[in-house]
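*Asks:* no sequence for this one, just the structure:
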DNA sequence: CTTTCTAATGTTATATTATTACATAACGTT
DNA sequence: AACGTTATGTAATAATATAACATTAGAAAG
């Protein structure tokens, strides 16, 4: 484990939800997660949302805001989930996390007209993926 | 009217919804819009959502995805709503549309590892606004 | 080991956001 | 006038998310 990354031991529900999201090749929606973890004893939406909230907080997963869906983090450099970028195919809905040092550097250092600097950002690109073009 | 911008005559419901969003100093949520236009004869959520969808499509308003709220476009350069950027204060929830030629140019030209270029993006920055700092 | 504190869990109910389905009306074009 | 298209009206319901409150589990201190 990296020295820089704080260790977060996942609780039971968090682990169950994370395992599912992590295994998935596509972003999962909260109620789809709920349906799929009911056999593991999670019965209510709130149990899922609480686990998701915490997992987002510690950067293990990200929320795709335009889709209300969750995807595991595949970018070791966004450990605290403060700088996220995704590409989304508008046909097949495939979502990929973008790991670009240049992009991340540009946005992290971006200052607006008032000189305001931001502590966090989320960027979603839309277009057609290779397959769908 | 700019030569570049296509003229879109708004229909009755679209105009009612747009007028409200346009007057507002903060992003409005769909059901808050509904409540506020009931005196104008709009009675159902769907009427609001249809107007919002169309207004977003033609670039008169934008959706703040992380807040499920809508704000009028204040950026003459994003006429077709394909390149949007906002700053969001995490305390007071003030939202401002960012107009930065540099940012817009950088993102519009951004290509990922596979050389994929995108037709659209939405960027949301989070931090504390002047007042809340 | 037991008290205390905190975080996580369990459970029910409900709030909020958004869409499906279908019927009708308005409008431009031929 | 007939036709196709877009907008509207309406009811019902689906999908997403949170409030409120009770209970349990685990860590830390004495």
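*Replies:* Yep, it's here. In this text the structure is predicted, and so the values were computed from the model without any measurement.
*Asks:* where does pLDDT dip in chain A?
*Replies:* A:1-7, A:76-81 (pLDDT under 70).
*Asks:* now do the SS call for the residue lying farthest from the centre of it.
*Replies:* Distance from the C-alpha centroid of chain A, by CA atoms, centre = their mean, peaks at residue A:114 (29.6 Å). Of the three states, residue A:114 takes coil according to DSSP: H, G, I helix; E, B strand; the rest coil.
*Asks:* which stretches of chain A form helices?
*Replies:* Taking DSSP state H as the test, the helices found in chain A are A:12-23, A:30-37, A:45-57, A:101-108.
*Asks:* circling back to that earlier point, ok, the residue farthest from the centre of chain A - contacts?
*Replies:* Applying CB atoms under 8 Å, 6 or more residues apart in numbering or on different chains, one finds that residue A:114 lies in contact with residue B:130. All C-beta atoms are positioned from the backbone trio N, CA, C, and that covers glycine.
*Asks:* try residue A:28
*Replies:* By CB under 8 Å, 6+ apart, residue A:28 lies in contact with A:20-21, A:36, A:69-71.
*Asks:* in the residues you listed, find the pair that's most separated.
*Replies:* Largest separation among the contacts of residue A:28 by CB to CB: A:36 and A:71, giving 15.1 Å.
*Asks:* out of the two, which sits in the more crowded spot?
*Replies:* A count of neighbours by other CB atoms under 10 Å in any protein chain shown puts residue A:71 above the other of residue A:36 and residue A:71, at 22 against 18.
*Asks:* for that one, name its beta-bridge partners.
*Replies:* residue A:62 (DSSP bridges).
*Asks:* so it sits against residue A:95, correct?
*Replies:* Yes: here residue A:71 reaches residue A:95: they are 5.9 Å apart, a contact under CB atoms under 8 Å.
*Asks:* overlap in contacts of these two?
*Replies:* A:26-27, A:64, A:86.
*Asks:* before we move on, the earlier item: residue B:91: which of the contacts of residue A:28 is nearest?
*Replies:* Closest approach to residue B:91 among these (CB to CB): residue A:70, at 25.3 Å.
*Asks:* what sits against the closest one?
*Replies:* By CB under 8 Å, 6+ apart, residue A:70 lies in contact with A:21, A:27-30, A:33, A:52, A:55-56, A:61-64.
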